[in-house]
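>>> Below are the sequence and a predicted model for it; my questions follow.
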Amino acid sequence: MDLSLTREQHAVRDAFAALFAKQATPQRVRSAEGSPSIGFDGLLWQHYADIGALGIGVPSDCGGGDGGLLELALAAEEAGRRLAPIPVAEPAAAARVLGRLREKELLGPVLRGSVIVSLATQPGPATRQWLVDGAIADAVLALDEGSLVYVHRPDGLPKTAHRNLGGLSLARWETLGATTVLAEGDEARAIFDAAVDEVRVLRAAALVGLAAEAVAIGSRYAIVREAFGQPIGMYQAVAHPFADAVTGLDGAELLVRKACWAMDSAQEDAGALAATAFVFAAETAYHAATHSLHVHGGYGFMEEYDIQLYYRRAKAWAAAFADPRRELLTIADRRFGPVTTGGR
């Protein structure tokens, strides 16, 4: 298979790179982190919606752009590179669900950006789990007792996030608003599982972007910082881990692209590839950000330095969705089948 990008896909990536470079500066990221909803920049969200980002993966007959998962992953990667303070993964997956089900009435305001719809990524009522975008979401898709439901935000629920180190709009909904059933039974479960796998891939893509920029920040610092009369980047203990990180980044990027291809073409191993991409990208991002922070020495922990923004999110962005170590069990189940009672 050829996993290289087409001319159109390069254009997609360049467009989002330009948007986030201008509208997701470190100053804007810090400002959003200090707001009550934490990690949300309303102006950036509107720019994001205005260029049609929310409909990239939605069919054209529902008002979208007919794009695939890879186009969404390219946008997520550039968002991760700049730590863009807007939700990307869950709203994109939720919009694709509404598009597949031809829920045009619900989808319209979502594509315009006037309604933020997220995804409760664990089966069960939305009230029983932390929602990554819970402080800002206007609606949530959830798999509740075998039904895929669209749940509106309860009236009067404050848009205040639970304080966290990852700059996430993390919140729990204590009550639920009006509910619309979208699908039931096996169909509901299949749609939900596919959406969660898409979140895995898009989160992986965002972590790839984060890791790439963390390596760039650390490398630039290693060039100008001197010790014993030469740049610290000349020392093997500094340079070699960066080389390992770059190698890991190549692998993570390829895994994300292969997972996108497998999911869009309904390959048998698509689910396993989605989980593998998430785990590998999470580990790569954490190790890259950790080494870059250590290269900065004590400066790395100071709020004035950007690397601490990446270090904190490298762990939180993955853990808020799922513990990567537990995701290894998901990979094992999908590769070899679940463990049966009494089996070894």
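Noted; the coordinates are in hand.
>>> which residue ranges form the helices in the stretch 201-344 of the chain?
Applying DSSP state H, counting those that start in this stretch to the stretch 201-344 of the chain gives helices spanning 236-264, 270-295, 307-319, 324-336.
>>> that's a helix at Ser114, yeah?
No: counting by DSSP: H, G, I helix; E, B strand; the rest coil, Ser114 is not found in a helix; it is coil.
>>> for it, phi and psi?
When read as degrees, to the nearest 10, the backbone of Ser114 gives phi -80, psi -20.
>>> Quick one: residues contacting it.
Not one residue lies near Ser114 by Cβ atoms under 8 Å, 6 or more residues apart in numbering. Any C-beta I mention is one placed from the backbone N, CA and C, and that applies to glycine too.
>>> From Asp50, how far out is it?
Counting by Cβ to Cβ, to the nearest Å, the gap from Ser114 to Asp50 is 12 Å.
>>> Let me know the pLDDT of Arg325.
Listed pLDDT for Arg325 reads 89.
>>> Quick one: the strands in the chain, in order.
Here the chain has its strands, by DSSP state E, at 117-119, 139-144, 147-152, 179-184, 226-227, 230-231.
>>> Just give me the lowest mean pLDDT stretch among these.
Least confident of those, judged by mean pLDDT, is strand 226-227 with a mean of 92.
>>> That one pairs with which strands, and in what direction?
strand 230-231 (antiparallel) (DSSP bridges).
>>> Distance to Ala259 for the strands of the chain - can I get that in TSV?
Output for these, formatted as TSV (distance: least, Cβ to Cβ, whole Å):
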stretch	distance to Ala259
strand 117-119	18
strand 139-144	21
strand 147-152	23
strand 179-184	24
strand 226-227	41
strand 230-231	38
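>>> quick one: which of these is nearest Ala205?
strand 117-119 (16.0 Å; Cβ to Cβ).
>>> Measure how far that closest one is from the centre of its chain, please.
Relative to the mean C-alpha coordinate of its chain, strand 117-119 is positioned 13 Å out (Cα atoms, centre = their mean, to the nearest Å).
>>> distance of the residue nearest to Ala76 when sequence neighbours are not counted from Ala274?
Distance criterion Cβ to Cβ, 6 or more residues apart in numbering; nearest residue to Ala76, sequence neighbours excluded, is Ala205 at 4.1 Å. Distance, Ala205 to Ala274, by Cβ to Cβ: 11 Å.
>>> next one: Ser169
24 Å.
>>> neighbour-wise, which of those two wins?
Ala274 (32 against 28; other Cβ atoms under 10 Å).
>>> okay, now Met234: neighbour count?
14.
>>> ok, Leu168 - contacts?
Counting by Cβ under 8 Å, 6+ apart, Leu168 has contacts 38-39, 132, 161, 316-317, 320.
>>> and the helices of the stretch 201-344 of the chain, which one's lowest on average pLDDT?
Among these, helix 324-336 scores lowest, with a mean of 93.
>>> Next, the angle helix 270-295 makes with that one.
150 degrees (axes from the mean of the first three to the mean of the last three Cα atoms, to 10 degrees).
>>> Please point out which parts of helix 324-336 sit buried.
324, 327, 330-331, 334 (16 or more other Cβ atoms under 10 Å).
>>> Name the residues that touch it?
200, 269, 271-272, 275-276, 278-279, 282-283, 318, 322, 339.
>>> Swap in 10 Å and give it another go.
197, 200, 207, 268-276, 278-283, 286, 315, 318, 321-323, 338-339 (Cβ atoms under 10 Å, 6 or more residues apart in numbering).
>>> and the angle from it to helix 307-319?
40 degrees.
>>> Model confidence at Asp2, what's the number?
Here, the pLDDT recorded for Asp2 equals 81.
>>> rewinding a little: show the contacting residues for the residue nearest to Ala76.
Contact analysis of Ala205 by Cβ under 10 Å, 6+ apart lists 69-70, 72-80, 88-89, 252-253, 256-257, 259-260, 277-278, 281.
>>> do you know how far it is from Gly233?
Computed as Cβ to Cβ, the Ala205 to Gly233 distance reads 28 Å.
>>> Leu157 too?
Leu157 is 50 Å from Gly233, by Cβ to Cβ.
>>> try Ile116
Separation of Ile116 from Gly233 (Cβ to Cβ) stands at 42 Å.
>>> Just want to know which of these two has more residues nearby.
Just comparing Ile116 and Gly233: by other Cβ under 10 Å the higher neighbour count belongs to Ile116, 24 against 18.
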